[in-house]
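Participant: mind folding the following:
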Amino acid sequence: MADPLATLTHPPVPKSKLRNWSATYNCAPSLFFAPVSNQEVALVLTEAAKRGKKVRAVGLHNSPGPVWHSDEWLVSMRNFKQARFEAGKPRHAILGAGLSLREANPILASHGLSLPTVGSLPDVTVGACFCGPDHGSSAFHPIVTASAKACTIVLPSGEIRRIAVGEDLFRAAGVGLGALGIVTEVEFECDEAFGLEFTMTRIRLEDYLDDNDSGKKLFELARSEEYVKLWYYPCPTWSPSSPNTVLWRAKRTPMPPPRKEHWSVPYTAKLMHILHGLAYFTTTYLFPALQPYLNWIMFWLLASSLPKTQTLRSYEAQTMDCGYAQLVDEWCAALPAPSSPPSVTSSSKSPASPGAAILRRLVAYLNSREGRSIGMHAPVELRFSLNRGEDFYLSPGAPYGRLLGREGGRDEENDLMLWIEPIIYRPLNLPTPARFYRFTHFLEDLLRSYPASRPHWTKAHFPTPERELLRMWDAERVEAFRRVRKEQAR
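Facilitator: The predicted structure follows:
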């Protein structure tokens, strides 16, 4: 009998060699598929079930973790790039899972729409934003997945389902890492198209970290404008009051025209990437002791033009060019509203603001002799997201009230998540020196020692044991996710 897979528009490719964006993981799946419709996705899944094969979906290969295995079938979503707008839902957009944000944002703008918040990378697919999750940096907006109101998913049985907010399957599929099926399109509720006027200024991060870890100053800084993020530079300073952090803040403006770059910008950027790469190669592999001083030079080169103000389209202002490969570890930690401290029944080990306590200890470590001997790259990016509206079982930003000892696990309306993202540059794709893994061990041990801290699923981190998974996400939420997944696998 004829092989059903032979009916696909694009025949599967055996042993296709792929690598992720940061060149830290490579794979050669036994078959690589590029379906063009929900029906073809369903055919791949049903055939995989018959043959005992595992299937994973892939977008633009950005994930730095080992999400692929050589004996799996890999399904690319690159042909799912449709965008639909329904007349009865003026602010809703239905986007194909294979659309990148670089492609989707201008399409939304042409219809007078913008996503409320987006992450820093434009080369992330809509499917990855929904299943990942992606997050921007705003104390007034949750992660990108929270803007989703419905999606189309192809289940392992081959059933094609439209699911929406309020359904258990939707709560499990959002930030579900594709473990329940393959999402082929997502319906987002957008805002009217807007621009952002942003200003960058110099601050000293330690000035916003309280000794009692109340988190009040950091919380107020995060809410000082609608969009706020920080770039902290571990470097020597002239005095205890010298700045070491760039504060980026933005407010909404009417939608400006698209950015027009001068013809020389790409060439200047390429030259800067080369010089930056050579400098970091020198300090990473030859003279690590010079790294803090290179961080200082980088900070002041950037700071020399500050403060400065610029107005761009919302997505142009929020995204950035990463330049070249990086190894990134990212976690988030609770940053509760200062007016909502833990109850008296919570552990005495738990500070009022775990996020502020973690950040204070991290900064102290990076300024210590041991921390400087590692030569951590700069900047360490700090971002924020609103906890309200989080209803996905495995989201890093899911409600954490019970973990902080709040009676009944109540989630306060203004609670935030602090996202901590140290970056290790790999401009020449050379192996990462062992000392950086000592730093990531320290960072993760620090984060795991506090309640309400969780890893970003699609960033590189050390394996999470079962008992920690249940503790960090709350056993009830994890079991609910597993129950839904088991139901769909029947």
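
Participant: quick one, helices of this structure?
Facilitator: Using DSSP state H, the helices found in the chain span residues 38-51, 101-110, 126-131, 168-173, 216-222, 265-281, 291-303, 314-318, 354-366, 369-374, 434-448, 466-473, 475-488.

Participant: show me what the fourth one is packed up against.
Facilitator: With contacts defined as 3 or more CB pairs under 8 Å, 6 or more residues apart in numbering; DSSP states H and E, helix 168-173 has these neighbours: strand 148-154, strand 160-164, helix 475-488. C-beta here means a position set from N, CA and C on the backbone, and glycine is covered the same way.

Participant: figure out which of these is closest to residue 284.
Facilitator: Proximity to residue 284 (CB to CB) singles out helix 475-488 among those, at 38.0 Å.

Participant: just the C-alphas of the closest one, formatted as CSV.
Facilitator: Output of helix 475-488 as CSV, limited to C-alpha atoms (Å, rounded to 0.1, in the frame of the first residue of the first chain):
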residue,chain,number,x,y,z
ALA,A,475,1.4,20.7,42.6
GLU,A,476,-2.3,21.3,41.9
ARG,A,477,-1.5,23.3,38.7
VAL,A,478,1.1,20.7,37.5
GLU,A,479,-1.3,17.8,38.1
ALA,A,480,-4.1,19.7,36.3
PHE,A,481,-1.9,20.2,33.3
ARG,A,482,-0.9,16.5,33.3
ARG,A,483,-4.6,15.5,33.5
VAL,A,484,-5.5,17.6,30.5
ARG,A,485,-2.6,16.2,28.5
LYS,A,486,-3.5,12.7,29.4
GLU,A,487,-7.0,13.2,28.3
GLN,A,488,-5.9,14.4,24.8
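
Participant: quick one: that helix to strand 148-154, angle?
Facilitator: Counting by axes from the mean of the first three to the mean of the last three CA atoms, to 10 degrees, helix 475-488 lies at 40 degrees to strand 148-154.

Participant: next, the buried residues of helix 475-488.
Facilitator: Neighbour-count burial for helix 475-488, counted by 16 or more other CB atoms under 10 Å, picks out 477-478, 480-481, 484-485, 488.

Participant: go on, stretch 428-447?
Facilitator: For stretch 428-447, a neighbour-count test (16+ other CB under 10 Å) marks 436, 439-440, 442-444, 446-447 as buried.

Participant: turn the helices of the chain into a markdown table, including mean pLDDT and distance to residue 403.
Facilitator: Supplementary listing: the helices of the chain in a markdown table, determined by pLDDT from 0 to 100; distance: least, CB to CB, whole Å:
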| stretch | mean pLDDT | distance to residue 403 |
| --- | --- | --- |
| helix 38-51 | 95 | 36 |
| helix 101-110 | 96 | 31 |
| helix 126-131 | 94 | 24 |
| helix 168-173 | 95 | 19 |
| helix 216-222 | 96 | 18 |
| helix 265-281 | 84 | 37 |
| helix 291-303 | 90 | 34 |
| helix 314-318 | 95 | 29 |
| helix 354-366 | 95 | 9 |
| helix 369-374 | 92 | 28 |
| helix 434-448 | 94 | 13 |
| helix 466-473 | 90 | 8 |
| helix 475-488 | 92 | 11 |
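
Participant: which stretch among these is buried most, on average?
Facilitator: Greatest average neighbour count among the helices of the chain goes to helix 126-131 (a mean of 29), per mean count of other CB atoms under 10 Å.

Participant: can I get that helix in PDB, CA atoms only?
Facilitator: Extracted C-alpha coordinates of helix 126-131, given in PDB (Å, rounded to 0.1, in the frame of the first residue of the first chain):
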ATOM      1  CA  VAL A 126       3.500  33.500  16.900                       C
ATOM      2  CA  GLY A 127       3.400  29.900  17.900                       C
ATOM      3  CA  ALA A 128       6.400  30.300  20.100                       C
ATOM      4  CA  CYS A 129       4.900  33.400  21.700                       C
ATOM      5  CA  PHE A 130       1.800  31.400  22.700                       C
ATOM      6  CA  CYS A 131       3.500  28.200  23.700                       C
END
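
Participant: so what's the closest residue to residue 354 other than its chain neighbours up against?
Facilitator: Using CB to CB, 6 or more residues apart in numbering and skipping the chain neighbours, the partner closest in space to residue 354 is residue 450 (4.2 Å). Residues in contact with residue 450 (CB atoms under 8 Å, 6 or more residues apart in numbering) are 333, 350-351, 354, 357-358.

Participant: could you point out which of the helices and strands packed on helix 168-173 sits nearest residue 405?
Facilitator: Residue 405 sits nearest to helix 475-488 of all these, at 16.1 Å, using CB to CB.

Participant: still on that earlier bit, residue 383: which of the helices and strands packed on helix 168-173 is closest?
Facilitator: When the helices and strands packed on helix 168-173 are compared by CB to CB, strand 148-154 sits nearest residue 383, at 19.7 Å.

Participant: ok now the closest one, how far from the chain's centre?
Facilitator: Distance, stretch centre to chain centre, for strand 148-154: 20 Å (CA atoms, centre = their mean, to the nearest Å).

Participant: could you do stretch 96-106 as well?
Facilitator: What separates the centre of stretch 96-106 from the centre of its chain is 16 Å, taken as CA atoms, centre = their mean.

Participant: end to end, how far does it reach?
Facilitator: End-to-end span of stretch 96-106 (CA to CA, to the nearest Å): 14 Å.

Participant: quick one, domains of this structure?
Facilitator: Annotated domains of the chain cover 4-76, 83-192, 195-462 [automatic domain parsing].

Participant: so where's the stretch 51-200 of the chain uncertain?
Facilitator: The stretch 51-200 of the chain contains residues with pLDDT under 70 at 64-70.
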